[in-house]
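J.: make a model of this:
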Amino acid sequence: MHDWKSLSHVRWDCKYHIVFVPKYRKKKLYGKFRHRVGDILHDLCRQRGVELLEGHLMPDHIHMCLSVPPKYSIAFVIGFLKGKSAVLIHRTVLRQKRVSGLHFWARGYCVSTVGLDEETIRNYIRVQEKNEKDQLDLEFDE
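T.: Below is the predicted model of the structure:
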């Protein structure tokens, strides 16, 4: 069942499956760093009224299922998340003082609408790391 949300003149249910990667797809998202990046993304989502329904950080990419109010375009939300999180990552996690010209995320991203198949997408995000490990184990066994 859908939980429709309301603004003053609209009822909406806009959910997106989003994937983006660190610059050069470096495997940077692990350990304590991984948890801190997750906290930063949660805080940024709250600032804009975006609901982070499901999320998983892999060492070289992030999967998220977001519920975005229709007053924001998805490009705006992703630009906000990637831009502000890069600055916060450099300031708080990497402890760098310089603020201009900071890059952490690669330029592009992947986005798809969730639609009526939300549970399938959320389940995919939950078990994605396990599936990837199982696939690697199969390749090494051969």
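
J.: in the chain, which spans are helices?
T.: Secondary structure of the chain (DSSP state H): helices located at 31-48, 74-88, 118-141.

J.: residue ranges in this protein under the pLDDT threshold?
T.: Across the chain, the ranges flagged by pLDDT under 70 are 1-2, 28-30, 96-102, 138-142.

J.: coming back round to it: can I get the helices of the chain in TSV including distance to residue 94 and mean neighbour count?
T.: Every residue, glycine included, has its C-beta placed from N, CA and C. As requested, these are exported to TSV (distance: least, CB to CB, whole Å; neighbours: other CB atoms under 10 Å):
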stretch	distance to residue 94	mean neighbour count
helix 31-48	9	15
helix 74-88	10	17
helix 118-141	24	12
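
J.: any chance of the ones you listed in JSON lines, with distance to residue 10 too?
T.: Formatted as JSON lines, these follow (distance: least, CB to CB, whole Å):
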{"stretch": "helix 31-48", "distance to residue 10": "17"}
{"stretch": "helix 74-88", "distance to residue 10": "16"}
{"stretch": "helix 118-141", "distance to residue 10": "19"}
